[in-house]
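Chemist: Next comes the sequence, and after it the predicted model I'd like to discuss.
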Amino acid sequence: MPLRPGWGTLGRPSQLRTNFFAVRLPKDAVYFEYEIEILPKAQAKGDRRFRIMELVEQSPAFANFRTHIAHDRSQRLVSAQELPQPLSVPIRYLEIDQEDNPNALNFTVDIKHKRDISMSTLNDYMDGKPEHRNIDTQPLISALNLVVQSYASKHGMRVGSNKYFFPSPNDRFGLSLGVEAHRGFFMSIRPMYKQLMVNINICMTAFYTPGNLAQAMLAFSRDSSGGMPRGFVDKLKVTTRHLGYTKKHTIFKVMTGHTARSTRFDCAEFGRQVSVEEFFKLKYKITLRHATNLPPINCSNNPKHPVFLPAEICEIVPGQAYRGKLDGAQTSAMIRYACNTPDFNGNAIVNEGFQHLGLRGGDASTLNSFGLSVSQQMTVVPSRVLPPPGISYRAGNARIQNASWNIVNIKLQAGGTIGSWAVLLVQDGRQNIEFAGENDPQLIIFLRTFLAKCNSSGIAGADKPPKILSVQLPPSQGDENRARALEAIRLAFRNNLNRNAKPSFILVLLSGVDKYIYPGIKKMCDIDLGLQTVHMLLPKARESGNRQDQYFSNVVLKVNAKLGGMNHLLDANSMRWLTDKKTMIMGIDVTHPGPKSLPGSPSIAAVVASVDDNFVQFPASMSLQKPDWNKESKEMVEKLTQMTIERLQVYQKKNKRLPDRVFVYRDGVSEGQYHLVLQEELPKIHAAFKQISPKAPYKPTLTIAICGKRHHARFWATAPGEMTNNGNTIPGTIVDKGITDVYNFDFYLQAHNGLKGHVRPTHYTVVYDENRYQADVLQQGTHAASYLFARATKAVSLVPAAYYADIACERGRDYLNVLLNLTDDRSSVGGTADREAEKERVYENAVKLWGDGIHKDLKDCMFYI
């Protein structure tokens, strides 16, 4: 990776507070790392390991070490003092409230010295001398994270590796039935130039609502159609008390269609087959109240030895992070809960955060034993505000204010041409908002208004009347995945459109949101038929006055981009860093199956690339890849060589030559995977350069920058004049000192205006640079490029090339909608071999749905925008 070429100087200097706090530690401190081995291994798994380590800390044999150790409750322990070797702690396993059990499991916990950890090595790294750049800091940082997170891990609930939650009845926000949100804190040690820091941020996560499982089932039956979704309870943890103590179980199956009375099993204790109801009556003297109206659960993953429990004796364990993907309503509720001002978040971090995380006063005893302390003041870092670029249209002036502008009385820079066009009325039973039919006078007025907006914006051919199609969809009930409805739409296209004279685009008018219709039409038109489509949602499109005009203006931007037009340009000076030689900008992203996807569903990779010297048009290549084809580097693009060749071929077709320079913005890669981009993707890009020109050597200069949004750096203005009305930092804010990497070329850029909540900058890191860009050139260039997003009249938070790749990935998800965005009604599969065969079948089904990919008639345009 290239060293930082220096720091930027362009822009108005300022200062910001940031949520990084200085950590002080003894300069030459030496700590001791140990490996934890729990025997027998076969019985020491999952949550049981956590409980074993609790018992270790309570053991008299460990009493002398308790105050100066930190561990991960499973495998790793760090001590401020050297521990005696060998060190073995015998453990008699009992649950928290369990009295002595003659049949209790016995474990031996061996704590074995692994290495000494010298903090002087970390200080050498933070000094910034090039000869120290390759020091492996990971063992040092992870050890310090164990120490600073020690209090939180004992008093809070951990989600992932660095997030801690401290739920209270007053701090919960219901998202939906059975799901609630909690506010917690992220905390991670970060080495900076000459200063160790801890990054602390507010975070939000969805949890399962704790409580009685039977009551939750009844609530689902009462308040939702279909009862509790199967995916909701899959691997949900519950506790029971019928054994006289609290025992934890994992749900593997709900016996849907059965009850505690009808579910029977062979019981050796009673020498006969008994029902679940009967067993609990005879064995535990428990009379079930819901024996006939609720299914029992099975807490065994062994089909030959089920363990049935009645739902009414089970309590949902508090603090379980929700594993499903939030739906639209849940996501909206979460955003409302999480959308707090910078001032609110800052106060929460320095007050609640420090208290809950145990970083002050007597709570910091573990820190004290390691000689660590954390400053309670946010770090102040230098920043700059970069100037916006100039925006130009063919007619009219765009005045930028707060990184946005309006397009009243302007003409697009280069309007596309409408040869012919069509309108599809999708009639789905919402008569209050739908047009009455093809001849509805209101429809004619609606379309004339839209055409007038196209015409005034500079799109040619906008005076032509469309061919209007109408399709009445069959009811959704009984129509699985809306297959019959989508076939009706396909027939409407087939019977009314000439495949040899396709319309320039089809305007699809939808009366509501349906999770199958929109993605189904996109798949049908992008892959099967090769038709450009633009969708309007009628409840928004039929609003009156300025709202409709604004909606139509936004749609016109999409239409023009799809037609190959240019909406706006930047001034020549802002583009010079790209136009001084023939340049192609690429954007790369990968999207993966989610919690509600069928096992075996593929990942989708997208590569977009510019084809013009104005960097407006970005056609896309897309491909499937097995989600586990590269388990060590899941995010890497498998077919990047071929996809890069495709992008270069389109560039060559449009420009009659290949570019001299290629700039890649790579989205979606975590810091821990930067090296994999260089190991796996860089050689594939170079292979594309070699293969596209096998006779004459083709070696364009290449730069790769990674764009990161999933970080926890936030900023606060230090003066009233340096913030927007809602307290956010000003658009154009850039930070490349104080909290950036010691050696690497990285910076935080907030190009956009944060309208809601606390604005998050994008973290850009240059991992490869043959073009040897200076800091100002790349920083201001990326900032200016953020104003070139085709379907907006504002700067966007992510540079457009990466943004387009992300949008293309989401479009790819539409093509596999029935696999990737599944409901919770999925069947369970038996053993490992059956599961693997099912995953392979799902992947083959995805390949079949994908077909030949994007239709040849759309490959050279921005169909996805």
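Modeler: Noted; the coordinates are in hand. Numbers count the residues shown, from 1 in each chain.

Chemist: which residues of the stretch 101-250 of the chain score low on pLDDT?
Modeler: 225-226 (pLDDT under 70).

Chemist: Tell me where it has helices.
Modeler: 119-126, 138-148, 150-155, 213-223, 230-233 (DSSP state H, counting those that start in this stretch).

Chemist: end to end, how far does stretch 535-547 reach?
Modeler: In stretch 535-547, first residue to last residue: 17 Å (C-alpha to C-alpha, to the nearest Å).

Chemist: Check what contacts it and list those residues.
Modeler: For stretch 535-547, contacts defined as C-beta atoms under 8 Å, 6 or more residues apart in numbering pick out 433-435, 446, 507-513, 518, 521, 548, 551-552, 555. Any C-beta I mention is one placed from the backbone N, CA and C, and that applies to glycine too.

Chemist: cool, and stretch 473-486?
Modeler: By C-beta under 8 Å, 6+ apart, the list of residues contacting stretch 473-486 reads 426-429, 488-489, 514, 516-517, 520-521, 524, 818.

Chemist: Report the separation between the spatially most central residue of the chain and T209.
Modeler: Centroid-nearest residue in the chain, with C-alpha atoms, centre = their mean: R710, separated by 7.7 Å. Look at R710 and T209: by C-beta to C-beta, to the nearest Å, they are 26 Å apart.

Chemist: swap in N301?
Modeler: The value you get for N301 to T209, if C-beta to C-beta is used, is 25 Å.

Chemist: In terms of neighbours, single out the busier of those two.
Modeler: T209 (19 against 13; other C-beta atoms under 10 Å).

Chemist: I figured the more buried one hits L175, correct?
Modeler: No - counting by C-beta atoms under 8 Å, T209 stays clear of L175, with 9.1 Å between them.

Chemist: Of the helices of the stretch 101-250 of the chain, which is nearest R76?
Modeler: helix 138-148 (6.8 Å; C-beta to C-beta).

Chemist: Pull out the buried positions in that closest one.
Modeler: Buried residues in helix 138-148, counting neighbours by 16 or more other C-beta atoms under 10 Å, are found at 139-148.

Chemist: right, and the pair among those residues with maximum separation?
Modeler: Of all pairs in the buried residues of helix 138-148, the most separated under C-beta to C-beta is P139 and V148 at 15.4 Å.

Chemist: For Q431, what are phi and psi?
Modeler: Main-chain torsions, Q431, degrees, to the nearest 10: phi -70, psi -20.

Chemist: That one - how many residues pack around it?
Modeler: 10.

Chemist: Likewise for Y125?
Modeler: For Y125, using other C-beta under 10 Å, the count is 20.

Chemist: What does G812 show for phi and psi?
Modeler: phi -60, psi -30.

Chemist: wait, doesn't it sit right on T591?
Modeler: Yes - in this structure, G812 is within contact of T591 by C-beta under 8 Å, at 6.9 Å.

Chemist: what ranges do the strands span in the stretch 401-550 of the chain?
Modeler: 421-427, 467-472, 505-510, 533-537 (DSSP state E, counting those that start in this stretch).

Chemist: cool, and the stretch 51-200 of the chain?
Modeler: Going by DSSP E, counting those that start in this stretch, the stretch 51-200 of the chain shows strands at 69-71, 76-79, 87-92, 106-118, 157-159, 163-165, 173-176, 179-192, 195-208.

Chemist: Packing partners of the last one?
Modeler: Strand 195-208 makes packing contacts with strand 20-24, helix 119-126, strand 163-165, strand 179-192, helix 328-338 when contacts are defined by 3 or more C-beta pairs under 8 Å, 6 or more residues apart in numbering; DSSP states H and E.

Chemist: Same question for the third one.
Modeler: Helices and strands touching strand 87-92, by 3+ C-beta pairs under 8 Å, 6+ apart, are helix 47-58, strand 106-118.

Chemist: Report the inter-axis angle for the first one versus strand 106-118.
Modeler: For helix 47-58 and strand 106-118, the angle between their directions (axes from the mean of the first three to the mean of the last three C-alpha atoms, to 10 degrees) works out to 80 degrees.

Chemist: And helix 47-58, what's buried?
Modeler: Buried residues in helix 47-58 (16+ other C-beta under 10 Å): 48-49, 51-53, 55-56.

Chemist: same question, stretch 342-357
Modeler: Buried residues in stretch 342-357 (16+ other C-beta under 10 Å): 342, 345-346, 348-350, 352-354, 356-357.

Chemist: same question for that stretch, mean pLDDT?
Modeler: Stretch 342-357 carries an average pLDDT of 96.

Chemist: Residues contacting it, please?
Modeler: Contacts for stretch 342-357 (C-beta under 8 Å, 6+ apart): 17, 19, 148-149, 151-152, 155-156, 164, 166, 183, 185, 187, 200-202, 340, 359-360, 363, 374, 376, 378, 714, 716, 723, 726-728, 758-759.

Chemist: least trustworthy helix or strand in the protein by mean pLDDT?
Modeler: Least confident element among the helices and strands of the chain, by mean pLDDT, DSSP states H and E: helix 230-233 (a mean of 82).

Chemist: Helix or strand for Q780, just tell me which one.
Modeler: helix 775-785 (DSSP states H and E).

Chemist: For that helix, name the packing helices and strands.
Modeler: So helix 775-785, by 3+ C-beta pairs under 8 Å, 6+ apart, packs with helix 572-579, strand 745-750.

Chemist: That one - what's its average pLDDT?
Modeler: On average, helix 775-785 scores 98.

Chemist: surely Q779 meets S383?
Modeler: No - if you go by C-beta under 8 Å, Q779 and S383 don't touch, sitting 11.8 Å apart.
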